[in-house]
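# with the sequence up front, the predicted model follows.
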Amino acid sequence: MSFFKPTPPRSHIATAGRQQTKNAVAMVRTSNGILPPTVVKADTAIKMSGALFLLYLSWQIATTKRTIDGEEASQPLTFIQAVLFQWVNPKAWVVIISAFSAFTTTSGNMTLEALTIASIFFLARLPANTLWLLSGAGLKKIIKNERQQRRFNMAMGISLALSMLIIFFE
């Protein structure tokens, strides 16, 4: 039994990208570029915590026991729930904090840097979300039985776990 869904509902993916951009801008505006050294160092702890959560999530994805035919349909999140979920979404926070810790400077123009990162997030989400939606629709046609679904889930779980290597070895 899993308490976390591996992916958000497809109908709200666009909302997630838009909300991540707003989160990033809000985070930088709040800090205004003036953070004590202890807070700046906290981004490493946050990245590691996020990576550990994603490793747990990869295990949940890889070992899920859901069946194609026998599963009850779960209710998708409403629009408001999807927007609110982004404020507590650990994957979103890891991405945002990683982007800001990697691509901002203490001596630069924090507003310009924040707007640049937010613009890149906004522009990148459109093709990424489209690809995600089309892939999901295509996979639904390809994955026809429980064995194929287990293999796919295992491959996705392993892929997510391997993507965490960059955080642990950077």
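That came in fine, so what should we check first?
# hey, let's count contacts and neighbours off CA atoms from now on
Will do.
# let me know the average pLDDT across the helix or strand residue 93 falls within.
Using DSSP states H and E, residue 93 falls within helix 90-103. Helix 90-103 carries an average pLDDT of 79.
# can you give me the buried ones in that helix?
Buried residues in helix 90-103, defined by neighbour count with 16 or more other C-alpha atoms under 10 Å: 90, 92, 93, 94, 96, 97, 98, 99, 100.
# for whichever strand or helix holds residue 138, packing partners?
Following DSSP H and E, one finds residue 138 within helix 110-142. When contacts are defined as 3 or more C-alpha pairs under 8 Å, 6 or more residues apart in numbering; DSSP states H and E, helix 110-142 packs onto helix 13-31, helix 90-103.
# thinking again about what came up before, which of the buried residues of helix 90-103 sits closest to residue 137?
Relative to residue 137, the closest of these is residue 92; by C-alpha to C-alpha it sits at 23.5 Å.
# pLDDT weak spots in this structure?
1-41, 43, 66-74, 170 (pLDDT under 70).
# hang on, isn't residue 143 packed against residue 149?
Yes. Between residue 143 and residue 149 there is a contact at 6.1 Å, judged by C-alpha atoms under 8 Å.
# out of these two, which sits in the more crowded spot?
Shown here are residue 143 and residue 149; by other C-alpha atoms under 10 Å, residue 149 has more neighbours (20 against 15).
# buried ones in the helix or strand encompassing that one?
When elements are assigned from DSSP H and E, residue 149 belongs to helix 146-163. Neighbour-count burial for helix 146-163 flags 149, 150, 152, 153, 154, 156, 157, 158, 160, 161 (criterion: 16+ other C-alpha under 10 Å).
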